[in-house]
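Engineer: I need the structure of the sequence given here:
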Amino acid sequence: QVQLVESGGGLVQAGGSLRLSCAASGRTFSSYAMGWFRQAPGKEREFVAAISWSGGSTYYADSVKGRFTISRDNAKNTVYLQMNSLKPEDTAVYYCAAQRVGWGSSGGGYDYWGQGTQVTVSS
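Structural biologist: You can find the predicted model right below:
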């Protein structure tokens, strides 16, 4: 069982930056690939970024590539999402998720989800 708690969301102006954190419980965090997803009002949940269990591989949605960076610190059981050059269209609730087997952009492959943190980007 893994419990995930996101933090770091808030209100920021377009062009600004935020860093989201996702703290995981449990001793097996380093065994899980981690992902970030987001859901805007009236829209389906979409993939943002993923990182392998070791942190050696990362994968991004085209919409955030070059602006967002996913990283993890297995000693702290935490995964991060650094978001730069934010745009109003990045406004959404951001969720982190953990995947025990494999990794990727499909939300259906993830086993555990956090409650989400709101990110609002004003124009």
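
Engineer: Find the centremost residue of the chain, please.
Structural biologist: W36 (2.4 Å; C-alpha atoms, centre = their mean).

Engineer: Grab the nearest non-local neighbour of that residue.
Structural biologist: V48 (4.3 Å; C-beta to C-beta, 6 or more residues apart in numbering). Any C-beta I mention is one placed from the backbone N, CA and C, and that applies to glycine too.

Engineer: now that neighbour: how far from G107?
Structural biologist: 11 Å (C-beta to C-beta, to the nearest Å).

Engineer: the more surrounded of those two?
Structural biologist: The neighbour comparison of V48 against G107 (other C-beta atoms under 10 Å) goes to V48, with 25 against 17.

Engineer: OK, contacts around the more buried one?
Structural biologist: V48 is in contact with 35-38, 60-61, 64, 68, 81, 94, counting by C-beta atoms under 8 Å, 6 or more residues apart in numbering.

Engineer: Pick out whichever of those residues sits closest to K87.
Structural biologist: Proximity of the contacts of V48 to K87 (C-beta to C-beta) peaks at V64, which lies at 9.6 Å.

Engineer: wait, isn't the closest one in contact with A50?
Structural biologist: No - contact between V64 and A50 fails when scored by C-beta atoms under 8 Å: they sit 11.5 Å apart.
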